[in-house]
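Engineer: Coordinates for the following, if possible.
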Amino acid sequence: NGPRFRGPSRHRSIADTIGWSYALLPPPAADLLDRLAVFAGPFTTADARRVAGSAAGDDQFGQLLDELVNLSLVVAETSGSETMYRLLDTIRRFALDRLDRTDRRVEAFDRFADHAVTLAHDAFVMGTTSWDGLLRHLVASFDTLTEALRWCLDHDREPDRAMTLCAVLWPVGRYPDTVGLARRVFERWPNTRNPIAADATVTLAYGECTTGNPQVAAQLAEAQLARWTGRALASVTLRRALGHTRIVMGDMAGAITAFRDGSRIARQLGFVEAALDLSVSEGEVEAHLGNVDAALAVLGHVRREAAAARSGFNEATAATSEAWVLVNRDGTAALPAVQHALGLARAIEHRGAISANLRSLVHIHLQCDDLPAATATLREWFESVVVWGGTSDARNIVGAAAVVAHRAGHASWAAWAATELQMPVQLLPSEVGAP
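Structural biologist: Numbering: from 1, shown residues only. As a prediction, the model looks like this:
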């Protein structure tokens, strides 16, 4: 009656080892581990309790989770402000196989998907109140949201859960990872009247725009705005997506119009955080057009208003964009502004702004012909992006690597430069990215 493993033969000895550890577990602990296999990425104690808490009573849950950690069946990461847990891939596959063999997979994943939808609804609320909290919440929940969306696409008859999960993915900025899922949502339910479809279209539009289909993205956003009957915030975020798409298409006047309209509507609806974010985008386009004074005026106003409103996200975003404008005008003089913006971004773990400020530092070091500092910062930039999965920043990193290699006289610069030209487009001149 030993454990049976359905994977490749080279993994069977590993499965036997895991099965031996399983045999040491009391039934409640084994059941808990099986149910935790629904998580494809990190999860908190609260996540685990909501999804798998029925495997044990409230008084037993923490003790059983600790036992799984002590047996190295669950990994606990304690370096952050909150302990995060995860399963190694081999253990997860073993536990999923146990769920299949005991006919518990459907029940476990349905409960998991319902939990992910609750996280998505929490994100909707944060989107109208606190973009600082929204950013942290979605980055931490990204793996859960996408794994639950895959399950819903394969098993749900109605679009409600899938639309809701798709709708909250765009702020994370991992568009190459989400565009395929968003396409599947609208291929599966092409004529849905679900009011969340407008929000989900934002995710699809950003994905299409950044993977080489800006015309498709513009059509999607414009069509939804023309027949919009969804949530109030969608009328703002659709214009955000449309504005960024216009940038990629080279229509800067159209981008500014979309951003200004979105900001005006957001203020009318009381969504001040969204209004400030759109004003930052407007300022960035002004800078791209060479209207440096106008750009600095807009960005400085947003930064001061955001600071007064204690909106850490928008303060960091505006300061980052402001610093980038200054870098392009006078890199050496911009160093204090970049360092200040980087500090703001790190304080709230705004990973897109952290990446953008590291990019600014690379440019400053290059302007000063300090190749060792440029190389060290480029390495830090690359490592920070790899850690959080910010693939949309890859083109900027490759481009900067080409410049560093060229300055150093290394023959690889041409290959780096050619690679950059073949990579997906970016959205904004400053590359701050989504919240």
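
Engineer: Let's check: the centremost residue of this structure is which one?
Structural biologist: In the chain, the C-alpha closest to the average C-alpha coordinate belongs to residue 172, at a distance of 2.0 Å (CA atoms, centre = their mean).

Engineer: Now for that one: which residues touch it?
Structural biologist: 138-139, 142, 178, 434 (CB atoms under 8 Å, 6 or more residues apart in numbering). Where C-beta positions appear, they are placed from N, C-alpha and C, glycine not excepted.

Engineer: now residue 368
Structural biologist: By CB under 8 Å, 6+ apart, the contact list for residue 368 reads 331-332.

Engineer: Isn't residue 203 up against residue 170?
Structural biologist: Yes. Between residue 203 and residue 170 there is a contact at 4.2 Å, judged by CB atoms under 8 Å.

Engineer: what sits in contact with each of the two?
Structural biologist: By CB under 8 Å, 6+ apart, residue 203 and residue 170 have these common neighbours: residue 178.

Engineer: so what pLDDT did the residue nearest to the centre of the chain get?
Structural biologist: You'll see residue 172 listed with a pLDDT of 85.

Engineer: Residue 342 versus that one, what's the distance?
Structural biologist: Separation of residue 172 from residue 342 (CB to CB, to the nearest Å): 21 Å.

Engineer: next one: residue 96
Structural biologist: Computed as CB to CB, the residue 96 to residue 342 distance reads 41 Å.

Engineer: If you count surrounding residues, which of the two has more?
Structural biologist: For residue 96 against residue 342, the residue with the higher neighbour count under other CB atoms under 10 Å is residue 342, and the figures read 22 against 18.

Engineer: just the helices in the stretch 51-200 of the chain please.
Structural biologist: 58-70, 89-101, 105-127, 131-155, 160-167, 175-188, 197-210 (DSSP state H, counting those that start in this stretch).

Engineer: For the longest one, buried residues please.
Structural biologist: Just to be clear, that refers to helix 131-155. Of the residues in helix 131-155, those scored as buried under the neighbour-count criterion (16 or more other CB atoms under 10 Å) are 131-153.

Engineer: what's it packed up against?
Structural biologist: Judged by 3 or more CB pairs under 8 Å, 6 or more residues apart in numbering; DSSP states H and E, helix 131-155 is in contact with helix 105-127, helix 160-167, helix 175-188, helix 272-288, helix 312-329.

Engineer: got it, and the first one?
Structural biologist: Where contact means 3+ CB pairs under 8 Å, 6+ apart, helix 58-70 is packed against helix 27-36, helix 45-52.

Engineer: That helix to helix 89-101, inter-axis angle?
Structural biologist: Taking axes from the mean of the first three to the mean of the last three CA atoms, to 10 degrees, one finds that helix 58-70 is oriented at 130 degrees with respect to helix 89-101.

Engineer: Give me the buried positions along helix 58-70.
Structural biologist: Within helix 58-70, the residues that count as buried by 16+ other CB under 10 Å are 60-61, 64-65, 67-68.

Engineer: got TSV for those, with pLDDT and distance to residue 398 too?
Structural biologist: Rendered in TSV, the data for these read as follows (pLDDT from 0 to 100; distance: CB to CB, whole Å):
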residue	pLDDT	distance to residue 398
60	84	51
61	88	46
64	92	46
65	93	42
67	92	46
68	93	41
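
Engineer: Tell me the one of the residues you listed nearest residue 118?
Structural biologist: Minimum distance to residue 118 across these is 18.4 Å, recorded for residue 61 (CB to CB).

Engineer: Verify the contact between that closest one and residue 50 for me.
Structural biologist: No. Judged on CB under 8 Å, residue 61 makes no contact with residue 50 at a distance of 10.8 Å.

Engineer: got a list of contacts for the helix or strand where residue 339 lies?
Structural biologist: Here residue 339 sits within helix 335-347, counting by DSSP states H and E. Counting by CB under 8 Å, 6+ apart, the neighbours of helix 335-347 from elsewhere in the structure are 312, 315-316, 319-320, 322-323, 326-327, 350-351, 353-354, 356-358, 360-361, 364.

Engineer: between that helix and helix 131-155, how big is the angle?
Structural biologist: With the same axes, to 10 degrees as the criterion, the two stretches helix 335-347 and helix 131-155 enclose an angle of 50 degrees.

Engineer: Give me the angle between helix 335-347 and helix 312-329.
Structural biologist: On the basis of the same axes, to 10 degrees, helix 335-347 is oriented at 150 degrees to helix 312-329.

Engineer: Return helix 335-347 as CSV; C-alpha atoms alone will do.
Structural biologist: Output for helix 335-347, consisting of C-alpha atoms alone and laid out as CSV, is shown next (Å, rounded to 0.1, in the frame of the first residue of the first chain):
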residue,chain,number,x,y,z
LEU,A,335,21.5,62.0,-8.6
PRO,A,336,19.8,63.3,-5.3
ALA,A,337,16.4,63.2,-6.9
VAL,A,338,16.9,59.6,-8.0
GLN,A,339,18.2,58.5,-4.6
HIS,A,340,15.2,60.2,-3.0
ALA,A,341,12.8,58.5,-5.3
LEU,A,342,14.5,55.1,-4.9
GLY,A,343,14.2,55.5,-1.1
LEU,A,344,10.4,56.2,-1.4
ALA,A,345,10.0,53.2,-3.7
ARG,A,346,11.8,50.8,-1.4
ALA,A,347,9.9,52.0,1.6
